[in-house]
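Visitor: Give me a 3D structure for the following:
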Amino acid sequence: MRCEDVMERLDALRTGELDAADASAVTSHLGSCDECRDAGASLATLAVRLRARPRPAPREILAGVLDAAAERFGVVATDAGPAWVGWSPRGVTFVRLGEDADAFAEAYREERGRAPRSSEVPARYADAVRRALAGEPAADVPLDLSALPAYERETLEALRRIPRGEVRPYAWLARETGRPRAARAVGNALARNPVPLLLPCHRVVPSGGGTGRYIFGAPLKRELLRREGVPVDEVEALARRGVRFLGCRTTGIYCHPTCHDIRRARPENRVPLADERAAAAAGFRPCQHCRPTALAA
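Guide: Next up is the predicted model:
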């Protein structure tokens, strides 16, 4: 083995990282080459001295790293009362209404497994929460859902597919995520939504009618839907009649009752439909926008 090859392998020999063949070749060379043997001895001496003189990172560097990585929380004044917002360096992590600082911090620790620091909420996060509560178009802010299982993240991200001013049943969301029989699991994921308002779980309703439950209470859910333009009373009246879809005589498509396409149809052209079979029997095809049978088995 050449001297230059041995020099490249000296440190790996010292740490035991060489395979048996290379280690044997390097050791043999060191036995016959005084220059390489001296270099090896110097390297070993230097390694011992370095281990004996550890140097901790300067305090200001450690403090800066810890500060940059910290998760924080603060309060936003809204017309629905105080909104508490938590965030990490990656984005918003947790949103709750009506709790005091201590209660929010405790809920945050249970959700994220770490204690947040009190701070002022960044303006874009505060604006996003206020816009959502006002029923205005969503502001695009980063979200950090890293504490959730993959399936829950996928389910919550799918909420973005429900347009403002529309609602969808739990079964629809299950089909959209590729699990058409997992409506109950979808409901559980929405109940654990750490960032309600920013990921609009209030737009998901029971298939049988009504607006259903909400982490901030059913009255606020109804109000949020109204602010977004959902005709809540009309949708509930259709549900009481057993109407799940509306067909349009002029286009030949059928939709969820809140779909913007069917909302543009004249009332006299809307055909009430009990289910997908009734729609198919009447000659209607599913809307490509609201996808009433999206990914159905």
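Visitor: what about Ser28, helix or strand, and which?
Guide: Element membership for Ser28, per DSSP states H and E: helix 20-32.
Visitor: ok, and for that helix, which residues are buried?
Guide: Buried residues in helix 20-32, counted by 16 or more other CB atoms under 10 Å: 22, 25-26, 29-30. C-beta: built from backbone N, CA, C; applies to glycine.
Visitor: And for stretch 202-219?
Guide: Going by neighbour count (16+ other CB under 10 Å), the buried part of stretch 202-219 is 202-205, 209, 211-212, 214-216.
Visitor: Could you tell me which of those are located in strands?
Guide: Applying DSSP state E to these, the entries found in strands are 204-205.
Visitor: Lowest pLDDT pick from the buried residues of stretch 202-219?
Guide: Among the buried residues of stretch 202-219, Gly209 has the lowest pLDDT, at 79.
Visitor: which phi and psi does that residue have?
Guide: The phi/psi pair for Gly209 (degrees, to the nearest 10) reads phi 120, psi 170.
Visitor: rewinding a little: list the helices and strands the helix holding Ser28 packs on?
Guide: Secondary-structure packing of helix 20-32 (3 or more CB pairs under 8 Å, 6 or more residues apart in numbering; DSSP states H and E): helix 3-15, helix 34-52.
Visitor: if I pick the closest residue to Phe104 other than its chain neighbours, what's in contact with it?
Guide: Setting aside the residues directly before and after it, Phe104 is nearest to Trp84 in space (CB to CB, 6 or more residues apart in numbering), at 4.1 Å. Trp84 sits next to 73-76, 94-97, 99, 101, 104 when contact means CB atoms under 8 Å, 6 or more residues apart in numbering.
Visitor: Show me those that map onto helices.
Guide: Among the contacts of Trp84, DSSP state H puts 101, 104 in helices.
Visitor: Which of the contacts of Trp84 are buried, as a ChimeraX select command?
Guide: Of the contacts of Trp84, the buried ones can be selected in ChimeraX as follows, counting by 16+ other CB under 10 Å:
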select :73,74,75,76,94,95,96,97,99,104
